[in-house]
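# prediction below, plus the sequence it came from.
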Amino acid sequence: MKVQLSRLTRVCRGYTHNAFGDLVWFNGRLLVCYRQGAHHMSDNGMIVIAEIDDTGRPIRFQQLSSPDGDLRDPHFCIDNDRLYLLAHQRWLASLGAAKTFTWFSGDGISWSSQHDPGPDNWWLWRATTYQGRHWGLAYHRPSEQLDLYAGNLRGKMHKLVSGCMSKPRHQLGYPNETDSYFNENGEMIAVARRDADTFTAQLGRSKPPYTHWQWQDLGEYIGAPVLLPLKNDTALVCGRHFNGRKLVTQLWSLNTVTGKLEKLLTLPSGGDNSYPGMIKHNSKLFIAYYSSHIDNQSRMYLAELNYEM
């Protein structure tokens, strides 16, 4: 597979730290979401949703905020004619817990009030839609494990499986940010970041009813992985990578059967960077991510790429 960067545009405004993004094509609109704040761990984080025109430039900005403080790591989830956005609320004494909040929209412009689908103190990183339910792997740092949740982002998410990956059961320390999808056979495919022992990402597979998981070491550190299934047991993976000199935003091709990773492209990146979102649209590949490589400030960028299978 060949990939070539054709255009890179900045899609944020104001503030010194714009980061942790995602993107989606919904209702005829290309939308990029990200966290905007004073710095990486500031208490004033809010979610910005930018609508992008055909030139890659933002034409509309909307904001979602919480009266209790820092919102971060927004991600989209499409369910037929409804678009969901989920984000994490850092623990605050006023809340008594860390929260996952969700919002929904029918047009990508007007958004609902925030909703708490649970679970408290577990970080539901991303969600995907399958057979009328929303699914996602949540992590909890003190427990050093991933649990599988399913339910409704507008209602409640319920724990289906405890310890899909855990240090006691798999001897794999601190699994955390995880993306997943369901293949054409109904098998759940996941890639999980880890921040302990070897720090290498893991490829996971599970067949219905998703109670038993097999994990394969990918041999590379991948922070905030995002997956885009292609065909013939192939997916694209994008995330933060250490190239031996610095952290960069890297795109790979992944064989989900063998676990073989092939580097395709390193996006322009440096300093504080990565946390991408990725979609295909109109025979193009789009990746939204943040980087500090131009002015030492964290900015959101939209990369448009040509690709050949």
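Right, received. Where do you want to start?
# what segments of the stretch 151-300 of the chain are strands?
Remark: strands assigned in the stretch 151-300 of the chain by DSSP state E, counting those that start in this stretch are 157-166, 175-182, 188-194, 202-206, 214-217, 223-229, 234-242, 247-255, 261-267, 274-281, 284-291, 299-308.
# of all those, which one is nearest Ala98?
strand 175-182 (13.3 Å; Cβ to Cβ). To be clear about C-beta, it is placed using only N, CA and C from the backbone, and glycine gets the same treatment.
# output the contacting helices and strands for that closest one.
When contacts are defined as 3 or more Cβ pairs under 8 Å, 6 or more residues apart in numbering; DSSP states H and E, strand 175-182 packs onto strand 128-130, strand 133-140, strand 145-151, strand 188-194, strand 202-206, strand 223-229.
# export those to a markdown table and append columns for distance to Ser42, mean neighbour count and mean pLDDT.
Below are the helices and strands packed on strand 175-182 laid out as a markdown table (distance: least, Cβ to Cβ, whole Å; neighbours: other Cβ atoms under 10 Å; pLDDT from 0 to 100):
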| stretch | distance to Ser42 | mean neighbour count | mean pLDDT |
| --- | --- | --- | --- |
| strand 128-130 | 30 | 17 | 98 |
| strand 133-140 | 23 | 22 | 97 |
| strand 145-151 | 28 | 22 | 98 |
| strand 188-194 | 23 | 24 | 98 |
| strand 202-206 | 31 | 21 | 98 |
| strand 223-229 | 19 | 22 | 98 |
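# how about TSV for the strands of the stretch 151-300 of the chain, with distance to Leu5 added?
TSV is the format used below for the strands of the stretch 151-300 of the chain (distance: least, Cβ to Cβ, whole Å):
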stretch	distance to Leu5
strand 157-166	33
strand 175-182	22
strand 188-194	23
strand 202-206	26
strand 214-217	30
strand 223-229	16
strand 234-242	13
strand 247-255	10
strand 261-267	7
strand 274-281	13
strand 284-291	9
strand 299-308	5
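# relative to Val24, which of these is closest?
Of all those, it is strand 274-281 that lies closest to Val24, at 6.5 Å by Cβ to Cβ.
# what pairs with the closest one, parallel or antiparallel?
strand 284-291 (antiparallel) (DSSP bridges).
# any idea of the angle the strand it pairs with forms with strand 234-242?
Here the directions of strand 284-291 and strand 234-242 differ by 20 degrees (axes from the mean of the first three to the mean of the last three Cα atoms, to 10 degrees).
# quick check: buried residues in strand 284-291?
Within strand 284-291, the residues that count as buried by 16 or more other Cβ atoms under 10 Å are Leu285, Phe286, Ile287, Ala288, Tyr289, Tyr290, Ser291.
# again with stretch 17-37
17-26, 29-37.
# for the stretch 51-200 of the chain, give me the ranges with low pLDDT.
Within the stretch 51-200 of the chain, the segments meeting pLDDT under 70 span 93-95.
# before we move on, back to that, and of the strands of the stretch 151-300 of the chain, who's closest to Gly132?
strand 175-182 (12.3 Å).
# show me what contacts Leu236?
By Cβ atoms under 8 Å, 6 or more residues apart in numbering, the contact set of Leu236 is Leu227, Leu228, Leu230, Leu251, Trp252, Ser253, Leu254, Leu264, Met278, Leu285.
# try it again at 10 Å.
1, 3, 226-230, 251-254, 264, 278, 280, 285, 287, 307 (Cβ atoms under 10 Å, 6 or more residues apart in numbering).
# narrow the buried residues of stretch 17-37 to those in strands?
Judged by DSSP state E, the buried residues of stretch 17-37 include 17-26, 29-37 as members of strands.
# so how far is Asp43 from Glu140?
Actually, residue 140 is His rather than Glu. Distance of His140 to Asp43, given as Cβ to Cβ, to the nearest Å: 22 Å.
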